[in-house]
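> with the sequence up front, the predicted model follows.
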Amino acid sequence: MTTNERRVLVHPDKQALAASVAARFLTKAADIIAEHGSAHVVLTGGTIGIGSLAAVNESPSRDTVDWSKVHFWWGDERFVPKADGDRNELQARQALLDHIDVPAENIHAFAASDEVASLDEGVAAYTAELARHSPDGGQWPRFDITFLGVGPDGHIASLFPNLPGIRVTDVPVISVQNSPKPPPLRLSLTRPVINSSERVWLVLAGADKASALGLALAGASYFEVPAAGAKGRRRTAFFVDQDAAAEVPEDLIAESY
Ligand SMILES: O=C(O)[C@H](O)[C@@H](O)[C@H](O)[C@H](O)COP(=O)(O)O
């Protein structure tokens with residue numbers, strides 16, 4: 001198996017899935033920090049994305065990671081007020097970030113709708129924040145792990161099937177004004193930024209994801225199934241439960257727990 005083939009890791013249920021993601025994340029984060037001195041991680045919204053963060057927080061190994069060396073970013077964010085429960089940032093803080101010793105300046109959240117005057121300002125602000133942390137005067141940092149949830153329609157971040165965002169390659173951040181998944185106003189990284197990540201970890205569970213996952217792994221166009229277009233530079237892993245794996249070809253399943 002080449003190092004960059006997409007690996008599917010199947011778990012019996014959502015709890016086991018979240019625990020497995022958490023365990024691998026803690027180990028990998030420590031390895032990355034040992035190698036690079038820091039780790040830049042892109043978080044995702046969604047039930048499994050947030051559930052995995054909660055599992056990290058509950059892990060007895062949680063503080064084996066030097067959180068002062070970790071930077072947290074987001075793949076997308078809902079353009080709602082800072083204190084709105086719909087915020088991916090707020091959900092991540094409640095699940096993990098507020099419980100670990102991560103410096104405030106290491107948490108790089110998209111702007112909220114009550115912090116900037118417009119979506120365009122939100123795009124500009126995150127574009128500038130990404131560039132501020134680029135190691136070589138580039139446009140964004142070296143991302144070590146990018147988490148992505150996957151919608152029933154195969155969307156990743158706020159890049160939706162057959163909408164313009166999934167095709168954008170010339171800017172790192174876009175706004176979305178007609179998200180098929182509420183709320184309608186969002187900010188999102190674009191595919192080139194996502195795929196610049198060393199590792200892309202897609203986390204999904206439930207029978208309603210089986211079709212999207214099956215299509216993504218069977219070579220569907222990423223315009224129609226955005227998850228088909230997610231690919232880390234070194235690793236692409238799908239962490240799934242049995243229900244979501246129902247349409248995954250047996251030969252693509254790397255491990256089953
Ligand atoms: O802001 C968001 O809504 C997420 O980033 C989105 O991309 C999410 O990850 C998927 O819709 C999966 O969500 P579920 O795991 O809840 O189905």
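Received it, and whenever you're ready, just let me know what you need.
> where exactly do the strands run in the stretch 51-200 of the chain?
70-74, 76-78, 145-149, 173-176, 186-189, 199-204 (DSSP state E, counting those that start in this stretch).
> what sits up against the shortest one?
If I follow you right, that is strand 76-78. 44-45, 84, 86-89, 109-110, 157-159, 183, 185-189 (C-beta atoms under 8 Å, 6 or more residues apart in numbering). C-beta here means a position set from N, CA and C on the backbone, and glycine is covered the same way.
> which of the strands of the stretch 51-200 of the chain sits closest to residue 99?
Nearest to residue 99 among the strands of the stretch 51-200 of the chain is strand 70-74 (13.0 Å), distances taken as C-beta to C-beta.
> between strand 145-149 and that closest one, find me the angle.
Using axes from the mean of the first three to the mean of the last three C-alpha atoms, to 10 degrees, the inter-axis angle of strand 70-74 relative to strand 145-149 is 30 degrees.
> which residue lies closest in space to the residue in the stretch 151-257 of the chain positioned nearest to the ligand, excluding its sequence neighbours?
For the stretch 151-257 of the chain and the ligand, the shortest gap (C-beta to the nearest ligand atom) falls at residue 151, measuring 3.9 Å. With C-beta to C-beta, 6 or more residues apart in numbering as the criterion, residue 151 has its nearest non-adjacent residue at 6.1 Å, and that residue is residue 181.
> can you put the strands of the stretch 51-200 of the chain in CSV and add mean pLDDT and distance to residue 226?
Listed next are those as CSV, based on pLDDT from 0 to 100; distance: least, C-beta to C-beta, whole Å:
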stretch, mean pLDDT, distance to residue 226
strand 70-74, 99, 17
strand 76-78, 98, 12
strand 145-149, 99, 9
strand 173-176, 98, 12
strand 186-189, 98, 10
strand 199-204, 98, 11
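> who's in contact with whatever residue of the stretch 1-150 of the chain ends up closest to the ligand?
Using C-beta to the nearest ligand atom, the closest approach of the stretch 1-150 of the chain to the ligand is made by residue 149 at 2.1 Å. Listed by C-beta under 8 Å, 6+ apart, the contact partners of residue 149 are 44-49, 156, 202-204.
> so what pairs up with it in the strands?
Following DSSP bridges, residue 149 is listed with bridge partners residue 203.
> if I look at it, how far off is residue 228?
15 Å (C-beta to C-beta, to the nearest Å).
> and for residue 185?
Applying C-beta to C-beta to residue 185 and residue 228 gives a distance of 26 Å.
> over to residue 27?
28 Å.
> the more surrounded of these two?
residue 228 (23 against 13; other C-beta atoms under 10 Å).
> my read: the more buried one touches residue 222, true?
Yes - between residue 228 and residue 222 there is a contact under C-beta atoms under 8 Å: 4.3 Å.
> now stretch 106-119: average pLDDT?
Averaging pLDDT along stretch 106-119 yields 98.
> got the CA positions of that stretch in PDB?
The C-alpha coordinates for stretch 106-119 follow below in PDB (Å, rounded to 0.1, in the frame of the first residue of the first chain):
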ATOM      1  CA  ASN A 106      -2.900  29.700  19.700                       C
ATOM      2  CA  ILE A 107      -6.600  29.500  19.000                       C
ATOM      3  CA  HIS A 108      -7.300  31.000  15.600                       C
ATOM      4  CA  ALA A 109     -11.000  31.400  15.200                       C
ATOM      5  CA  PHE A 110     -12.900  32.800  12.300                       C
ATOM      6  CA  ALA A 111     -14.500  36.100  13.000                       C
ATOM      7  CA  ALA A 112     -18.000  36.100  14.400                       C
ATOM      8  CA  SER A 113     -20.900  38.100  12.900                       C
ATOM      9  CA  ASP A 114     -20.800  40.500  15.900                       C
ATOM     10  CA  GLU A 115     -17.000  41.000  15.500                       C
ATOM     11  CA  VAL A 116     -16.800  42.200  11.900                       C
ATOM     12  CA  ALA A 117     -19.100  44.200   9.700                       C
ATOM     13  CA  SER A 118     -19.500  41.700   6.900                       C
ATOM     14  CA  LEU A 119     -18.600  38.200   5.600                       C
END
